[in-house]
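Student: A predicted structure for the sequence below; I have some questions about it.
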Amino acid sequence: MEPGQVAIVGSGLIGRSWAMVFAAGGFKVKLYDVAQQQLTSALESIRKQMKELEKSGFLKGALSVEQQLALISVCTDLKAAVEGATFIQECTPENLELKKKIFSQLDLMVGDNAILSSSTSCLLPSKLFTGLKHVKQCIVSHPVNPPYYVPLVEIVPHPETDPSTTERTYALMKKIGQSPVKLNKEIEGFVLNRLQYAVISEAWRLVGEGVVSPADLDLVMSDGLGMRYAFIGPLETMHLNAEGISNYCERYREGMRLVLNTFGPVPEFSGEAEQKISQAMSEKIPVVPKVLDARREWRDECLAGLSKLKKQMKSD
Ligand SMILES: NC(=O)C1=CN([C@@H]2O[C@H](COP(=O)(O)OP(=O)(O)OC[C@H]3O[C@@H](n4cnc5c(N)ncnc54)[C@H](O)[C@@H]3O)[C@@H](O)[C@H]2O)C=CC1
Ligand SMILES: O=C(O)[C@@H](O)C(=O)[C@H](O)[C@@H](O)CO
């Protein structure tokens with residue numbers, strides 16, 4: 001028996017990823033878009049990706065490709081798309097007025113049980129959902145690109161979101177194999193993009209000012225901070241790094257005071273610096289999904305080893 005039915009509004013990069021993730025979880029998926037061509041290319045892309053994933057042994061879920069594809073249907077009628085859906089994930093362009101218009105349409109179509117969720121990267125729930133009749137059923141579930149391989153989902157409630165909506169969304173994300181975190185209150189950019197944009201801003205500055213090459217900048221992340229952050233977050237890193245020092249925050253505070261004082265505003269990114277980056281990036285081997293998945297397998301093996309080591313250290 002299918003675990004349920006979801007509707008995806010917008011069949012671009014994120015909408016098709018969500019469709020794959022939900023189908024892998026056995027959900028019936030109705031994919032809606034205003035552009036029929038987008039739906040056609042979405043189905044082609046999903047089929048192609050699933051075939052490749054099955055071939056390389058990375059297809060998620062217990063169902064075959066054909067079984068998962070059979071769960072996904074497309075339509076250009078919004079009312080038909082949301083009919084019977086208990087969870088509606090909006091994935092339209094990052095435009096506040098467009099999203100508000102779509103949610104006001106959805107608000108007239110759903111009952112008291114459906115959850116209305118947005119994939120928005122930064123927009124505040126209070127700006128998206130305020131005034132809707134079903135505001136208690138509204139929430140942001142912000143994925144990370146590509147959601148099929150990077151499982152984090154930030155769950156961000158509107159101030160009037162009912163706690164049951166938050167808990168149902170959290171449970172749903174766990175059920176389809178994602179890694180949800182709950183924000184206690186809304187803030188622009190949520191958590192991931194506030195951290196990401198701080199990193200990107202400094203990356204631009206360091207490359208733009210000639211401090212480091214684009215390729216080496218990325219290595220600092222992939223072979224430095226990223227190696228750490230694939231296993232432990234910045235707070236645990238700090239804790240482990242200064243173990244035994246009573247006030248280890250001070251150890252970082254000093255450095256932060258010194259360095260952060262030199263941070264300026266987001267650097268104006270000149271065309272030349274951008275060309276330098278895109279040229280450098282085009283010379284790299286693209287990180288294909290298989291690499292992402294292989295890295296995740298490697299990380300999970302390392303985490304298993306790490307927890308075994310921790311247990312051993314505790315028993316020693
Ligand atoms: N691309 C990314 O890395 C990530 C994007 N997001 C967020 O997800 C949302 C979608 O982003 P993408 O998939 O990258 O955009 P996209 O541009 O790839 O796809 C948007 C889709 O919405 C469709 N659309 C436009 N107007 C519509 C309407 N009125 N009703 C239904 N569909 C409509 C378009 O035809 C297109 O297929 C944005 O809010 C974005 O910020 C979140 C996480 C990551
Ligand atoms: O980086 C991601 O995958 C997501 O966190 C996003 O929201 C989008 O890429 C966004 O940052 C683009 O501005």
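Tutor: Thanks, I have it. Ligands and ions are numbered 1, 2, ... in the order given.

Student: mind checking pLDDT for the residue of the chain found nearest ligand 1?
Tutor: Ligand 1 sits closest to residue 12 of the chain, with a gap of 1.9 Å, by Cβ to the nearest ligand atom. For glycine as for every other residue, the C-beta is placed from the backbone atoms N, C-alpha and C. On pLDDT, residue 12 comes in at 96.

Student: Identify the residues contacting it.
Tutor: Neighbour list for residue 12: 33, 38, 42, 91, 93 [criterion: Cβ atoms under 8 Å, 6 or more residues apart in numbering].

Student: From those, pick the one nearest residue 105.
Tutor: Closest approach between the contacts of residue 12 and residue 105, by Cβ to Cβ: residue 33, at 14.0 Å.

Student: Quick check: chain neighbours aside, which residue is closest to that closest one?
Tutor: Closest residue to residue 33 in three dimensions, ignoring its sequence neighbours and counting by Cβ to Cβ, 6 or more residues apart in numbering: residue 11, at 4.2 Å.

Student: Can you give me the neighbour number for the one you found?
Tutor: By the criterion of other Cβ atoms under 10 Å, residue 11 has 28 neighbours.

Student: Make sure it is actually in contact with residue 17.
Tutor: No - contact between residue 11 and residue 17 fails when scored by Cβ atoms under 8 Å: they sit 10.2 Å apart.

Student: Pretty sure residue 116 sits in a strand.
Tutor: Yes - per DSSP: H, G, I helix; E, B strand; the rest coil, residue 116 lies within a strand segment.

Student: Name the nearest residue to it, sequence neighbours excluded.
Tutor: residue 138 (4.7 Å).

Student: what helix or strand is residue 38 on?
Tutor: helix 36-55 (DSSP states H and E).

Student: Can you give me every residue that contacts residue 157?
Tutor: By Cβ under 8 Å, 6+ apart, the residues touching residue 157 are 125, 139, 140, 165, 166, 182, 183, 186.

Student: so what's the backbone phi/psi at the residue nearest to residue 33?
Tutor: Main-chain torsions, residue 11, degrees, to the nearest 10: phi -110, psi 40.

Student: what do you get for residue 141?
Tutor: Main-chain torsions, residue 141, degrees, to the nearest 10: phi -120, psi 90.

Student: One more: residue 35?
Tutor: Backbone geometry at residue 35, expressed as degrees, to the nearest 10, gives phi -110, psi 110.

Student: Let me know whether the helix-or-strand element of the chain with minimal mean pLDDT sits next to ligand 2.
Tutor: Every helix and strand in the chain was compared by mean pLDDT, DSSP states H and E; the lowest is helix 289-315, with a mean of 76. No - Helix 289-315 stays clear of ligand 2 (Cβ under 6 Å from any ligand atom), getting no nearer than 12.1 Å.

Student: Equivalent analysis for stretch 116-136, please.
Tutor: Yes - contact of stretch 116-136 with ligand 2 (Cβ under 6 Å from any ligand atom) involves residue 121.

Student: so what's residue 221 scoring on pLDDT?
Tutor: For residue 221, the pLDDT comes out at 95.
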